[in-house]
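In: For reference, the sequence and a predicted model appear below.
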Amino acid sequence: MQAQTRNRQWPWVAIGLSLAVAFTLSMVSPADSVQGDLVRIMYVHVPAAWLAYLAFFVTFVGSVGYLTTKDLRWDRIAAASAEIGVYFTGLAIALGMIWAKPTWGVWWTWDARLTLTAIMFFVYLGYLALRRTTDDPVIRAGRSSVLGVLGALQIPLVHFSVVWWRTLHQPPSLVRPDGPAIQDPLMLTALIVGVLAFTIVYGSLMVKRIELIKLDDQKAAIEQSIERPVAGEAVTVPDLGASS
Amino acid sequence: MTTGFWHQVSAVVHRDLLRERRRGDVLWITIPFGAIALLLIPLAVGTDAILLRQIGPGMYWVIVMLFGVLVSVGKASNETLPQQDASALLGLDPAAGFVGRATSATLLLLIFEVVVGVVAVGLYDVSIIGIPWLIVTLIIVAIGLALLGTLTGSIVNSTSAGTALVPLLVAPLSVPLLLGATQSYEGLRLGHSILSWVLLMVAVVLIVAIIGVLTARPLQET
Amino acid sequence: MTESPLVELDGVGVRIGSTQILRDVDLEVDAGEVVGLFGANGAGKTTALRLMATLIRPAQGTGRVLGADLTSPERYDVRRRIGMIGHTPGIFPELTLVENLLYAARVAGVPSERAGEALSAVGLGGAADRLAGASSHGMQRRTEFARELMIDRSLLLLDEPHSALDRDAVDLVEGLIARTAAEGGAVVVVSHDRDRINKIASRTVELAGGTLS
């Protein structure tokens, strides 16, 4: 019993601890010489953007897994990951805009990565909208996994198209052919820890969300197994005497 | 088996085109809707001839993407449940049904593109350049958009949202087609090679076609 | 592939969304049988027909129709041999009566001459070029009978086949039922008209509480 409670609590503990460490590091790391304190947005923005890509990749894997095995567990992974992905994509976009206004003077700029992220946001928003329209878990899984595969396979093409179309963005801040651009070791540590912390958050949220979906499915299954009247029993023999 | 497949495809194409001819949804609703959208834009952004010539091609392609998708959600491209049941019990291969519906949507989209294109040339004074490549672009975009609309149409089939969800699902996925079409025009104007854009659009077509054929059966489950 | 019985349902349940429509349905239909299916409004008769037409997957239990498991891809291969006439016509209102049959013939791989012949056989030879949407409900039904005449079916599933029909059309339906049974097929007829069904059916079953008795 004790072990089970602890088992259920660990994702929250993991989320709390990792975010606390990441937050502390991002606050003690020095301000940027050019951007000042504004640079601290990066410690959330970059990990959130990373999570978005990770989450959508997992949705793709879950969708393929469902289509090949017809095992609903894959669909739950895909669904949970898409939800988390849409949330973090929204967060990354919002933070990016808050950062862009003082830095670039505009809320939005039409560079390739921003555009791609916004498009991904809408692709998976559509995925979640589709899931809401079907109750039957098997049919919902079949339909949304096709969309999950279609969306994921289109994203590289969207990526190429927007990159060819325009590249204005600063070069990626962490991974560069000539080594990390961020020179200050504390800033770099804070960023890496932030990415790790957010990945732990993602993993923990996934565990919780999948658990929740599973409970929902179990609830539906229990409701089904108890002797409930079938739909037809709602219709009874007319009794005209009853109204008088 | 393969002759049977193409026989079924042609039966579905013939059926859908007949239905559209009698209903006239594309001809009398979607095309005028696209045309009036082209008429509204200058009212909002200004009627300066140079500006219009500049934005004309882009506006044309946006209208094709946003309104063209309505072609594949029209009544003539959709079947009621009894109609779907009857076709299934004729032994219609779901993949043949998908290819047939996408083919008829392609043909209707080509008509849409041409008529709305004439309106765009007339209203915005868009210059037509590189006709062979332009035709190639029009055809690939029509196929790609028809495939996307038909596939997402099957995905939402018999869900509670129905076809209302299709434009939301298609719009973000049609970005490579939109950029391919607009940048091809730009490339032709500046005398650059547009081969990479054409190949990108062909890749979209191939991916959607393959997914559509492979998932036709599972998507038929209701 | 052994096919008899043509329909074999064993403890089958059907759910649509979260609603249980059928439960624990056991049914066997042998070749040559005409089975009458009775039940109150909303009892699940139409769902039972769509289940036997392989168009709905059972949520519980196992079922085979024409030898094909209802959950396996085999069911796609037997569909062409199953005819179903539901109470909403499965024809296209924008097409003429003969165009509807020509479409059916092309998809089913039947020679197109048979479309015209079948239409004449159901007495609609003179109305071939009328739009289905502008035809009466009875004419639409006759067109569906023509489709079933045109394609050789081993299993015929009829939902209220007598509704909206005049005397001649009733004879037509009963002829189609008798022919299918005589040729080694089977027919399941849903109806409220017990007297009529008792005359043509080899046996009847009652659908109540989501299950058969």
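Out: Right, received. Where do you want to start?

In: Per-residue pLDDT of the closest residue to chain A within chain C, please?
Out: Taking CB to the nearest CB as the measure, chain C has C:Gly210 as its residue closest to chain A, at 3.1 Å. Placement of C-beta: from N, CA and C, glycine included. At C:Gly210, the model reports a pLDDT of 77.

In: repeat for C:Lys199
Out: Here, the pLDDT recorded for C:Lys199 equals 88.

In: Tell me which helix or strand comes right after the helix or strand where it lies.
Out: According to DSSP states H and E, C:Lys199 maps onto helix C:194-200. Scanning forward in sequence from helix C:194-200 by DSSP H and E, the next helix or strand is strand C:203-208.

In: Show me what counts as buried in that following strand.
Out: For strand C:203-208, burial by neighbour count (16 or more other CB atoms under 10 Å in any protein chain shown) applies to C:205, C:207.

In: Identify each buried residue in the helix holding C:Lys199, please.
Out: Residues of helix C:194-200 classed as buried: C:196-197, C:200 (neighbour count, 16+ other CB under 10 Å).

In: Outside of that helix itself, list whatever touches it.
Out: By CB atoms under 8 Å, 6 or more residues apart in numbering or on different chains, the residues outside helix C:194-200 that reach it are C:34, C:36, C:38, C:162, C:174, C:177-178, C:189, C:191, C:204.

In: lowest-confidence helix or strand of chain C?
Out: Lowest mean confidence among the helices and strands of chain C (mean pLDDT, DSSP states H and E): strand C:211-212, at a mean of 80.

In: Residue numbers of chain B in contact with chain A?
Out: Proximity of chain B to chain A, by CB under 8 Å from any CB of the partner chain, involves residues B:151-152, B:155-156, B:159-161, B:165, B:168-169, B:171-173, B:175-176, B:179-180, B:183, B:196-197, B:200, B:203-204, B:207-208, B:211, B:215, B:218-219, B:221-222.

In: Could you list which of these belong to helices?
Out: Under the assignment DSSP state H, the residues of chain B next to chain A contribute B:151-152, B:155-156, B:168-169, B:171-173, B:175-176, B:179-180, B:183, B:196-197, B:200, B:203-204, B:207-208, B:211, B:218-219 to helices.

In: Report the buried members of the residues you listed.
Out: Using 16+ other CB under 10 Å as the burial test, those include B:151-152, B:155-156, B:168-169, B:171-173, B:175-176, B:179-180, B:183, B:197, B:200, B:203-204, B:207-208, B:211, B:218-219 as buried.

In: before we move on, the earlier item: pull the helix holding C:Lys199 out as PDB, backbone CA atoms only.
Out: C-alpha atoms of helix C:194-200 as PDB (Å, rounded to 0.1, in the frame of the first residue of the first chain):
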ATOM      1  CA  ARG C 194     -45.800 -11.100 -39.000                       C
ATOM      2  CA  ASP C 195     -48.500 -12.700 -41.100                       C
ATOM      3  CA  ARG C 196     -46.700 -12.100 -44.300                       C
ATOM      4  CA  ILE C 197     -43.300 -13.200 -43.000                       C
ATOM      5  CA  ASN C 198     -44.900 -16.400 -41.400                       C
ATOM      6  CA  LYS C 199     -46.000 -17.300 -44.900                       C
ATOM      7  CA  ILE C 200     -42.500 -17.000 -46.600                       C
END
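
In: any weak-confidence spans in chain C?
Out: C:1-3, C:17-18 (pLDDT under 70).

In: And the helices in it?
Out: With DSSP H as the criterion, chain C has helices spanning C:45-52, C:74-78, C:97-108, C:113-121, C:137-150, C:167-182, C:194-200.

In: can you tell which of these is closest to B:Ile63?
Out: Nearest to B:Ile63 among the helices of chain C is helix C:97-108 (33.0 Å), distances taken as CB to CB.

In: Give me the contact list for that closest one.
Out: Residues from elsewhere that reach helix C:97-108, judged by CB under 8 Å, 6+ apart: B:7-8, B:10-12, B:14-15, B:18, B:86-87, B:90-92, C:80, C:91-92, C:95, C:110-112, C:114-116, C:118-119, C:124, C:127-130, C:132, C:135, C:139, C:143, C:146-147, C:150-151.

In: Right, I'll leave it there.
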